[in-house]
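S.K.: sequence and computational prediction follow.
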Amino acid sequence: MSIEMYQETYIQQQFAERIGGANYGKDTAIYKFEKIKRAKAAAKKERPELELIDMGVGEPDDMADSAIVAKLVEEAGKPENRGYADNGIADFKTAAARYLQEVFQVEGIDPTTEIVHSIGSKPALAMLPTCFINPGDITIMTVPGYPVLGTHTQYLGGSVYTVPLTEENHFLPDLDAIPEDIALKAKLLYLNYPNNPTGACASVEFFTEVIAWAHKYNVVVIHDAPYAALTYDGIRPLSFLSVPGAKDVGIELHSLSKSYNMTGWRIGFVAGNPLIVKAFSDVKDNNDSGQFIAIQKAAAYGLAHPEITEAIAAKYSRRHNLLVAALNELGFRAEKPKGSFFLYVAIPKGVEGGPRFESAEDFSQYLIREKLISTVPWDDAGHYVRFSVTFEAHGFEKEQSVIAEIKRRLSEVKFQF
């Protein structure tokens, strides 16, 4: 028997049903981000004379602040920092508690029992359902949104109920529209503000409504807040935990990836309800051995200097201003987001004398192929594309140049709306 046949009859049969079982790897469907990746590669090959402008990637274009890097270098050389970190060091947890108080006015967080570090937000989001979800349980999440929020509920035998984010409701979920039988069976409610991809921000009034709803249906609230400190035009950063009663019903996840240009460093924290923090810590202890202590100490330095994030937010704010103005001059209906580095824009119906766009994916593929501008399509609740202002550009003049080039390319045709 050949090795290939043995793998087909033996290895292929062993895969868990959660990832496809015996059919794992045979699915020919292409995930939208893979489609974007392939389209970018093809477009660059066909049009080598034209530089691809990547406005799809949700990753900062700059390095972490030099003082944070220097702190990492200093701490990495200390022998006492070389070992396992397990569930984190006191210095980082204390810095996180002070950060919540200073930036978000969150009072009364105990760094010992109500904060634990995570190796970025994504692993925390992956582990949290293990604390709560049994087969048949329900997680509620919003769409459009980060698919990982629901993946692990499904892995554990639960199901996901999605609530659309619509422009008419300011991209906030309508909790009253959730059917009673779903609410009664739900274990988890995931929220994410400032929101990816819409850029919408929550309000104290909305979070107050969420807390009351969670109490009514005995649901745990998980607020994913990686963009929480990136807000614009006088809008103060808002934490779910700053609203009275929030800690009774849930937790909040913070990350330094977006707000401190530290994506590859993989550091964040979970804060809030002490029982949830304890449960997450126990699950985490069985999944990882903690982030490198030197990274935690460098991150603690960053959290003690929120002015670093303020400067980053100012850069994204001016880029949003430029992009919104350019798109609106071309006939789009773009509105500057209140937070995040994403601009969420309804697609045109087509090009005069050219192709029609039946979906956001159609339009996004057109932009990549014809204009070498990469965006991310969302067709979950209306047809929108997400522009990210994390494009490569160093300095205001270069930012102006990139936006001018986007406008030039898009103005070569007349879009119909």
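M.R.: Yes, it's here.
S.K.: what about Tyr366, how many residues nearby?
M.R.: By other C-beta atoms under 10 Å, the residues close to Tyr366 number 20. No exception for glycine: its C-beta is placed from N, CA and C like everyone else's.
S.K.: mind checking the SS state of it?
M.R.: helix (DSSP: H, G, I helix; E, B strand; the rest coil).
S.K.: and Val389, how many residues sit next to it?
M.R.: Neighbours of Val389 using other C-beta under 10 Å come to 25.
S.K.: list the residues that contact the most centrally placed residue in the chain.
M.R.: What sits nearest the mean C-alpha location of the chain, by C-alpha atoms, centre = their mean, is Asn196, with 5.5 Å. Asn196 makes contacts with 58, 145-146, 226-227, 340, 342, as judged by C-beta atoms under 8 Å, 6 or more residues apart in numbering.
S.K.: now tabulate the residues you listed in CSV and tack on secondary structure.
M.R.: Formatted as CSV, those follow (three-state DSSP):
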residue, secondary structure
Gly58, coil
Gly145, coil
Tyr146, coil
Pro226, coil
Tyr227, coil
Ser340, coil
Phe342, strand
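S.K.: my read is Leu184 is in a helix, agree?
M.R.: Yes: counting by three-state DSSP, Leu184 is located in a helix.
S.K.: can you tell me which residues contact it?
M.R.: Tyr217.
S.K.: where along the stretch 1-150 of the chain do the helices fall?
M.R.: 3-6, 12-14, 32-46, 66-76, 90-104, 121-132, 148-155 (DSSP state H, counting those that start in this stretch).
S.K.: Lys258 is nearest to which of these?
M.R.: Of all the helices of the stretch 1-150 of the chain, helix 121-132 sits nearest to Lys258, with 9.5 Å by C-beta to C-beta.
S.K.: quick one: residues contacting the closest residue to Ser239 other than its chain neighbours.
M.R.: Nearest non-adjacent residue to Ser239, counting by C-beta to C-beta, 6 or more residues apart in numbering: Phe104, 3.6 Å away. With contact set as C-beta under 8 Å, 6+ apart, Phe104 has these partners: 228, 237-239, 241-242.
S.K.: Provide a list of residues in contact with the nearest residue in space to Gly145 that is not next to it in sequence.
M.R.: Leaving aside its chain neighbours, Gly145 sits nearest to Asn192 (6.3 Å; criterion: C-beta to C-beta, 6+ apart). Residues near Asn192 by C-beta under 8 Å, 6+ apart: 142, 145-146, 149, 223-225.
S.K.: switch those residues over to TSV; also include distance to Glu49, pLDDT and neighbour count.
M.R.: Shown next, in TSV, are the contacts of Asn192 (distance: C-beta to C-beta, whole Å; pLDDT from 0 to 100; neighbours: other C-beta atoms under 10 Å):
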residue	distance to Glu49	pLDDT	neighbour count
Thr142	41	98	23
Gly145	37	94	24
Tyr146	36	90	21
Leu149	41	88	25
His223	46	98	24
Asp224	41	98	28
Ala225	42	98	26
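S.K.: who wins for neighbours among the contacts of Asn196?
M.R.: With neighbours defined as other C-beta under 10 Å, the most crowded of those is Ser340; it has 30 neighbours.
S.K.: hang on, that one packs against Leu230?
M.R.: Yes: applying C-beta atoms under 8 Å, one finds Ser340 in contact with Leu230, separated by 5.8 Å.
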